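Asks: Can you look at this prediction? I've put the sequence above it.
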Amino acid sequence: MLDLQIRQRLGAFTLDIAFTAKERGVTALFGRSGSGKTSVINAIAGLARPDEGHIRVGDTVFFDSARRINIPVEKRRIGYVFQDARLFPHMTVRSNLEYGLRRVPAVERRIAFGPVVELLGLGHLLDRRPRGLSGGEKQRVAFGRALLAQPRLLLMDEPMASLDSARKAEIMPYIERLRDEMNIPIVMVSHALDEVVRLATTMVLIAEGRVRASGPVGTVMGRLDLSAATGARDAGAVLDLTVEHHVPEDGLSVLAFDGGRLTVPQIDRAPGAAVRLHIHARDVIVALHPLTGVSLRNALAATVVEVAESGPSSADVRLAVGGSFLIARITRAAVRELGLAHGREVVALVKGIAFEPDSSGAASDRSGRVVDV
Amino acid sequence: MDILTPMETTALLLSLRVAGVAIALGLPAAVLTAWVLGRYSFPGKTLLDGLVHLPLVLPPVVTGYILLVTMGTKGVVGGWLYQTFGIKLIFTAEGASLAVAVTSFPLMVRAIRLSVEAIDGGLEAAARTLGAGPVDRFFTILLPLMAPGLLSGAIVAFAAAMGEFGAVITFVSNIPGKTQTLPLAIYAATQEPGGDAVAARLAAISFAVALLALMLSEFLANRVRRLIGQL
């Protein structure tokens, strides 16, 4: 587990960050460019030295200004995947992969060469030089090289920022496999909401060098006061559901969560599998009573938690649905006329849940666990 | 029938040896200097940079004179070497090596520094995260990647060392078989009546060696670049 609290002057502003990350899963540091995200993981890696604070991973202290501890980068055993891969050009893919591995005593090696090569699909690249690889291939080699260094923690700095959307779709499933099959906590820097929604378990929202919010992705995404920071156009909540059953004759799948059920076009996932939906606020309709005679199939009993203005004529309504949250973007006039306020029982109607078929999200449906709306 | 006369062979072999020793001894220092100048900022960097380049702008005769004063058996350093170890540099082939090492040093440093500066510092940061300490990084990342610059720098410096005249003649004089390298032999030949033919042959040898060195430099640098994945 990662425990971090640092302060560092960075030119115009001061980075002042504190958060913890769990033993497993992906913690996404999300924020705009220049918000200080990369400085945070550079501090964790030891490539930058904070002015004060502490950084601990498990029971190892990497940095503690009060106790004058600052372990050098090469002794921290942190896997770092850089935005630009940074493969060693004079070595083959195999030598790149083995670079970190060979610097770890044999008895301490838990992650073996073969399984990593298989996990990342690198077998056919081993004798090639980095120069001839595609961007996605380079990044996969970088993942493998970092993993094989037997890291306590894996850091990723915008690992997909330099890739086009097709390459990105190719890489995402591999990160999901790292997350699900390797017992290593991952801290990922990103400014792309789709990456965070799809990959992260925990989200740390950073703005102007400070933590604006942190917690499970669904909780952070369900907060109304953060939509400006997460991007107003993408405003919407995240639901974690499981596949309950399929209705093949209608081509539908039924997904369940603690707030009820959602019916979606059939997805290629076994019953019991976890699925994550990003439900945009503009796709949620609020009604005072259950509707009859409409084509909308997804209606959930909900309670209004909070109403906030989100534009000249619009308002965002935060709805509790079981233990999860939805956000509905409706007009302020509708809020007034329906008398929506905290505690009001309503029905949330979700329109147009469409799983992207084998287009850009193709790879996700094959091996990923997250599907976008 | 031999192509070269004994005198020519002696001068050529001596030149090769003097230049070879100079480059072999100067190269590690040049790599270190180039690395420090190319990678770090520190007070006095400009001064060090200037000192390294000084032999390039000073008249070689002045370089030779400075060596004569400091490294001669009565000089500060030379005297100490002679008293302590019995090493005499003045009027010896070793002294000639020292003279050409000094004059060719800046050439090596410049070529190597360029290739150090061309290496992406991010690669070293990546190596650090993978557990490589400074010495480890130097040998596994920096040295292989600076190899093309190192090689071409060494060969060009070697060719220049073969041709150094002023510093050598001032410091170790012009003694056939001991300190008389090719350019000194050419000079000596032109001073003698009827020595033109001898001088012309020696000049042709110099020309061939220089051309060969440059071609070899180009060829090897390309080979190395291919080897380290830059081509």
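Replies: Arrived safely.
Asks: Buried by neighbour count: which residues of stretch A:51-68 qualify?
Replies: Applying a neighbour-count criterion of 16 or more other C-beta atoms under 10 Å in any protein chain shown, the buried positions in stretch A:51-68 are A:53-57, A:62-65. The way it works is simple: take the backbone N, C-alpha and C, and place the C-beta from them, glycine included.
Asks: Also stretch A:5-19?
Replies: A:5-6, A:8, A:15-17, A:19.
Asks: For these, work out which two are farthest apart.
Replies: Greatest spatial distance among the buried residues of stretch A:5-19 (C-beta to C-beta): A:Gln8 and A:Phe19, at 14.7 Å.
Asks: residues in chain B within reach of chain A, list them.
Replies: B:120, B:122-123, B:125-133, B:136, B:140-141, B:144-145, B:227-230 (C-beta under 8 Å from any C-beta of the partner chain).
Asks: Tell me which of those residues fall in helices.
Replies: Judged by DSSP state H, the residues of chain B next to chain A include B:122-123, B:125-129, B:136, B:144-145, B:227 as members of helices.
Asks: ranking these by neighbours, who comes first?
Replies: Among those, B:Ala126 has the most neighbours (other C-beta atoms under 10 Å in any protein chain shown), with 28 neighbours.
Asks: about what we covered before: mind telling me the two of the ones in helices among the residues of chain B next to chain A farthest from one another?
Replies: By the measure C-beta to C-beta, B:Thr129 and B:Leu227 form the most distant pair in those, at 25.5 Å.
Asks: And for A:Leu125, the neighbour number?
Replies: Residues near A:Leu125, counting by other C-beta under 10 Å: 23.
Asks: actually B:Ala210, sorry about that
Replies: 16.
Asks: so which helix or strand takes in it?
Replies: helix B:196-227 (DSSP states H and E).
Asks: Can you name the element that comes right after the lengthiest helix in chain B?
Replies: If you go by DSSP H, chain B has its longest helix at helix B:6-39. For helix B:6-39, the following helix or strand on the C-terminal side (DSSP H and E) is helix B:45-57.
Asks: phi, psi of the residue of chain A most remote from its centre?
Replies: What lies farthest from the middle of chain A is A:Gly293; by C-alpha atoms, centre = their mean that is 38.4 Å. Dihedral pair for A:Gly293: phi 70, psi 30, per degrees, to the nearest 10.
Asks: how's chain A carved up into domains?
Replies: As given by automatic domain parsing, the domain ranges for chain A are A:2-221, A:236-367.
Asks: Dump the ones you listed to JSON lines, plus distance to B:Ala213 and mean pLDDT.
Replies: Output for the domains of chain A, formatted as JSON lines (distance: least, C-beta to C-beta, whole Å; pLDDT from 0 to 100):
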{"stretch": "domain A:2-221", "distance to B:Ala213": "25", "mean pLDDT": "90"}
{"stretch": "domain A:236-367", "distance to B:Ala213": "55", "mean pLDDT": "82"}
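Asks: which residues touch B:Ile23?
Replies: B:Ile23 sits next to B:101, B:104, B:108, B:154, B:157-158, B:161 when contact means C-beta atoms under 8 Å, 6 or more residues apart in numbering or on different chains.
Asks: Tell me which residues touch the closest residue in space to A:Glu181 that isn't next to it in sequence, please.
Replies: Excluding its sequence neighbours, the residue lying closest to A:Glu181 (C-beta to C-beta, 6 or more residues apart in numbering or on different chains) is A:Leu119, at 6.7 Å. Residues in contact with A:Leu119 (C-beta under 8 Å, 6+ apart) are A:144, A:174, A:177-178, A:181.
Asks: With respect to chain B, which of these is nearest?
Replies: A:Gly144 (11.7 Å; C-beta to the nearest C-beta).
Asks: Was I right to think that closest one contacts A:Val116?
Replies: Yes: counting by C-beta atoms under 8 Å, A:Gly144 does reach A:Val116; the two are 5.0 Å apart.
Asks: what do these two both touch?
Replies: Counting by C-beta under 8 Å, 6+ apart, the residues touching both A:Gly144 and A:Val116 are A:97, A:122.
Asks: Please identify which of the two sits among more neighbours.
Replies: Legend: neighbour count by other C-beta under 10 Å for A:Gly144 and A:Val116, higher for A:Gly144 (29 against 20).
Asks: Help me confirm that that one is found in a helix?
Replies: Yes: counting by DSSP: H, G, I helix; E, B strand; the rest coil, A:Gly144 is found in a helix.
Asks: Identify the residues contacting the closest residue to A:Ala43 other than its chain neighbours.
Replies: Leaving aside its chain neighbours, A:Ala43 sits nearest to A:Pro50 (5.0 Å; criterion: C-beta to C-beta, 6+ apart). With contacts defined as C-beta under 8 Å, 6+ apart, the neighbours of A:Pro50 are A:6-8, A:15, A:43, A:63, A:65.
Asks: so A:Pro50 is in which element?
Replies: Going by DSSP H and E, A:Pro50 is not in any helix or strand.
Asks: gap between it and A:Ser39?
Replies: Here A:Pro50 is placed at a distance of 9 Å from A:Ser39 (C-beta to C-beta, to the nearest Å).
Asks: follow-up on the earlier one: I'd like to know which of the contacts of A:Pro50 is nearest to B:Thr46.
Replies: Looking across those and measuring by C-beta to C-beta, the closest to B:Thr46 is A:Gln8, at 30.6 Å.
Asks: ok, that closest one touching A:Ala43?
Replies: Yes: at 6.8 Å, A:Gln8 counts as touching A:Ala43 under the criterion of C-beta under 8 Å.
Asks: Need the overlap of contacts for the two.
Replies: Shared contacts of A:Gln8 and A:Ala43, counting by C-beta under 8 Å, 6+ apart, come down to A:49-50.
Asks: Do a quick rundown of the helices in chain A.
Replies: Along chain A, counting by DSSP H, helices occupy A:37-45, A:73-76, A:93-101, A:113-119, A:135-148, A:165-181, A:193-199, A:217-221, A:227-230, A:332-338, A:362-367.
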